[in-house]
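Visitor: Show me how the following folds:
(chains A, B, C and D)
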2 protein chains.
Amino acid sequence: MAVEPLAVRLGATKGSFYWHFRSRDELIAAALQLWRQASTTAVIERLEAAAAPPEQRLRQLITHVFAPPARTSADLALLADADHPLVAPALAAVTEQRLGYITTLFRQLGFPPARARRRALLAYSAYLGQLQLLRSAPNLLPKPGPASSAYADHVVAALLADQPSTNAAPTPRLTRGTATA
Amino acid sequence: MAVEPLAVRLGATKGSFYWHFRSRDELIAAALQLWRQASTTAVIERLEAAAAPPEQRLRQLITHVFAPPARTSADLALLADADHPLVAPALAAVTEQRLGYITTLFRQLGFPPARARRRALLAYSAYLGQLQLLRSAPNLLPKPGPASSAYADHVVAALLADQPSTNAAPTPRLTRGTATA
DNA sequence: CCCGTTCCATACGGTGCCGTATGGTGACGA
DNA sequence: TCGTCACCATACGGCACCGTATGGAACGGG
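Guide: The predicted model follows:
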């Protein structure tokens, strides 16, 4: 975000901007804090306020993300500048916060810590990837409607599945003859 | 990628650069084509050359990505600039190519088209998200070693699971009383 | 009525990058 | 030996942006 274009978009000039903020970085820092509050803390608090069972909370989170109207452009913009010295710590903080929350949800569902963690990681990875697809190839995603709902259903099913065969056959490593198919 | 910094990193100057390339965009276009070839076409061809069953190919793809040594910085850089007029089409092309290939793998595993597509979408989303985490919060990912392998196993299990209850109970929509837990 | 404070605009210097113009150097064949 | 050509450097103009300096306009209180 550059301040000169921002100023003209607001019908103002740099002069006025630099009266409200000492520097561009100060604006960025303020915006980052706002973003963290609105996009993470507030969401978690809202989910916690509703006294729903953890599975339903997870479903809400997932379907909310994988069904159409995604207003998550901020996440995308920040992921794109993940290396910026001001963005990096903020991004790390919300990632940790979100991952932590998802992990506790899975723990409340009865998964032991390590497994809950793995599931949370996969779930959040899927969310991040969905964001990228939304921007770089939206036409490849299911269109809003029944296809989109079916996809969301598939995602929650895959993430919440009991996965009985997890340590039944510990993954044939690279060069082996054939697989279970 | 800027050409002046690039030139100094090569111990050269802009003058010589503009002798080899007509413009900066020409370099970018060439790099994009190279990237697509090396990161997508070549990978698919290599997987197809080995006469392995589709499940094993999928496992190789997944474990290759979700186990440590990921040399995928190019993907990340391009995802970050997904809106660039030259990057966008290239990104869309490889996304379509990769998604298409993963979909055919799931089809070869016996999934009907719509389901294969959904699974491919989830798998590729997970990959993209993994990339983002690798950059923005690598310390939250399982460290290279047994934890990382366990995570990779979990991912392949989740993505390849038979998921018997897919259309058994079609997802309780938002405000319902309780869930199956 | 005048002064200070708030808020905004204009104007300027500085920086990093793009792309071009132009000159220089070495190799190589006529 | 001399041109020619591939290859590279220097130098310049231009642009977009950052940040500062400075000058108002509006307004309220002494």
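Visitor: Next to DNA strand D, which bits of chain A? Give me the list.
Guide: Taking CB under 7 Å from any atom of the strand as the contact definition, chain A meets DNA strand D at A:Met1, A:Ala2, A:Val3, A:Glu4, A:Pro5, A:Lys14, A:Gly15, A:Tyr18, A:Arg22, A:Ser23, A:Arg24, A:Asp25. C-beta here means a position set from N, CA and C on the backbone, and glycine is covered the same way.
Visitor: Mind putting those residues into TSV with pLDDT?
Guide: Converted to TSV, the residues of chain A next to DNA strand D look like this (pLDDT from 0 to 100):
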residue	pLDDT
A:Met1	81
A:Ala2	89
A:Val3	90
A:Glu4	85
A:Pro5	89
A:Lys14	93
A:Gly15	91
A:Tyr18	95
A:Arg22	94
A:Ser23	95
A:Arg24	95
A:Asp25	96
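Visitor: Type out the ChimeraX command that picks the buried ones from the residues you listed.
Guide: Here is the ChimeraX command that selects only those of the residues of chain A next to DNA strand D that count as buried (16 or more other CB atoms under 10 Å in any protein chain shown):
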select /A:3,24
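Visitor: give the contact list for A:Arg118.
Guide: Going by CB atoms under 8 Å, 6 or more residues apart in numbering or on different chains, A:Arg118 touches B:Pro142, B:Ala150, B:Tyr151, B:His154.
Visitor: What's the separation between it and B:Asp162?
Guide: Between A:Arg118 and B:Asp162 the computed distance is 19 Å (CB to CB, to the nearest Å).
Visitor: Please apply the same query to A:Arg57.
Guide: A:Arg57 is 26 Å from B:Asp162, by CB to CB.
Visitor: what about those two, which has more around it?
Guide: Regarding A:Arg57 and B:Asp162, a neighbour count based on other CB atoms under 10 Å in any protein chain shown identifies A:Arg57 as having more, with 20 against 10.
Visitor: Isn't that one up against A:Arg46?
Guide: No - in this structure A:Arg57 lies outside contact range of A:Arg46 using CB atoms under 8 Å: 10.2 Å.
Visitor: just the helices in chain A please.
Guide: Assigned by DSSP state H, the helices in chain A fall at A:3-9, A:14-20, A:24-36, A:42-49, A:54-66, A:73-80, A:87-108, A:113-136, A:146-160.
Visitor: how about the longest one: buried residues?
Guide: So that's helix A:113-136. Burial within helix A:113-136, assessed by neighbour count using 16+ other CB under 10 Å, is assigned to A:115-136.
Visitor: how far out from the middle of the chain is it?
Guide: A distance of 7 Å separates the centroid of the chain from that of helix A:113-136, by CA atoms, centre = their mean, to the nearest Å.
Visitor: any idea of the mean pLDDT in it?
Guide: Helix A:113-136 shows a mean pLDDT of 96.
Visitor: where's A:Tyr127 relative to DNA strand D, distance?
Guide: For A:Tyr127, the distance to DNA strand D (CB to the nearest atom of the strand, to the nearest Å) stands at 30 Å.
Visitor: Can you tell me the closest non-neighbouring residue to that residue?
Guide: A:Val65 (5.4 Å; CB to CB, 6 or more residues apart in numbering or on different chains).
Visitor: Verify the stated contact: that neighbour with A:Gln130.
Guide: Yes - because the distance of 6.4 Å satisfies CB under 8 Å, A:Val65 is recorded as touching A:Gln130.
Visitor: Between its first and last residues, how far does stretch A:19-27 reach?
Guide: Start to finish, the residues bounding stretch A:19-27 are 12 Å apart (CA to CA, to the nearest Å).
Visitor: Equivalent analysis for stretch A:11-30, please.
Guide: This stretch, stretch A:11-30, spans 21 Å end to end (CA to CA).
Visitor: Can it be said to contact DNA strand C?
Guide: Yes - Stretch A:11-30 lies within reach of DNA strand C by CB under 7 Å from any atom of the strand, at A:Gly11, A:Ala12, A:Thr13, A:Lys14, A:Gly15, A:Ser16, A:Trp19, A:His20.
Visitor: Quickly name whichever of these is closest to B:Ala38.
Guide: Nearest to B:Ala38 among the residues of stretch A:11-30 next to DNA strand C: A:Lys14, at 43.6 Å, using CB to CB.
Visitor: The residue nearest to the closest one when sequence neighbours are not counted: how many residues sit nearby?
Guide: Nearest non-adjacent residue to A:Lys14, counting by CB to CB, 6+ apart: A:Ala7, 5.2 Å away. If you count neighbours by other CB under 10 Å, A:Ala7 ends up with 16.
Visitor: Looking at chain A, which residue is nearest DNA strand D?
Guide: Closest contact between chain A and DNA strand D, by CB to the nearest atom of the strand, is at A:Arg24 (3.1 Å).
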